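Colleague: the amino acid sequence is not available; the structure is as follows:
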């Protein structure tokens, strides 16, 4: 597609279950970012992938969170043993030139942990 | 690490008025970007201003940058109800990482 695609758009899960969120960036974009946004709050940085460099994981809130980017394209954010405080919208963005290029955001994956 | 801080947190104006929101950041930058977020949607890029520019215009948007004060401002002139959204600034870190602040929530009343 032409834009950043995220799936699922909505996910309801039970506390303690694992979830996977997927991001398809724009083709050719070397940098990919994950953010989390709780209701009425700003964006919380989670992780940043740039080309073949080691990802910047400094924003991941706990070791229950992990992310990978396969083949420099699709990324998956995995949350293990979900907690209610994990409920938020998870946003993915990509850009062709990190730090200078415009970020293109997906519409987000809304996660609700019951 | 580098992060933009927007001020005010919330702004409510009447249609037709101008809206000004400010951004402060910590370390030197090559450029600064502004983004807009409509409720429940992803962010959309508005404008980028480079460190050697003091002012930039795009339609009803005017962005200024004062690198000596490490601050930027976004002015929306002749506001419309459709401008109601949250606005974020994003000064990039030296690795290209972008950390957003809490944003300014703008409400334009018709």
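Modeller: Okay, I see it. Small disclaimer: the values here were computed from a predicted structure and weren't measured.
Colleague: residue 46 is in what secondary structure piece?
Modeller: All of this is about chain A. In this assignment (DSSP states H and E), residue A:46 forms part of strand A:44-50.
Colleague: to clarify, I was referring to chain B.
Modeller: strand B:43-50.
Colleague: list the buried residues of that strand.
Modeller: B:43, B:45-49 (16 or more other C-beta atoms under 10 Å in any protein chain shown). C-betas here are computed from N, CA, C, even on glycine.
Colleague: dump the residues you listed into TSV; add pLDDT as well.
Modeller: Formatted as TSV, the buried residues of strand B:43-50 follow (pLDDT from 0 to 100):
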residue	pLDDT
B:43	93
B:45	94
B:46	96
B:47	95
B:48	94
B:49	95
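Colleague: which ones among those residues come in contact with chain A?
Modeller: B:43, B:45, B:48 (C-beta under 8 Å from any C-beta of the partner chain).
Colleague: can you list the residues you listed in TSV and add distance to residue A:82?
Modeller: Shown next, in TSV, are those (distance: C-beta to C-beta, whole Å):
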residue	distance to residue A:82
B:43	25
B:45	31
B:48	37
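Colleague: out of these, which is nearest to residue B:60?
Modeller: Closest approach to residue B:60 among those (C-beta to C-beta): residue B:45, at 16.0 Å.
Colleague: tell me how many other residues crowd the residue of chain A found nearest chain B.
Modeller: Nearest residue of chain A to chain B (C-beta to the nearest C-beta) works out as residue A:98 at 2.8 Å. Other residues near residue A:98 come to 23 when the count uses other C-beta atoms under 10 Å in any protein chain shown.
Colleague: you'd agree it is up against residue B:93?
Modeller: No - between residue A:98 and residue B:93 there is no contact, the gap being 9.5 Å when judged by C-beta atoms under 8 Å.
Colleague: for chain B, what lies in contact range of chain A?
Modeller: B:1, B:30-31, B:33, B:35, B:41-45, B:48, B:88, B:90, B:92-103.
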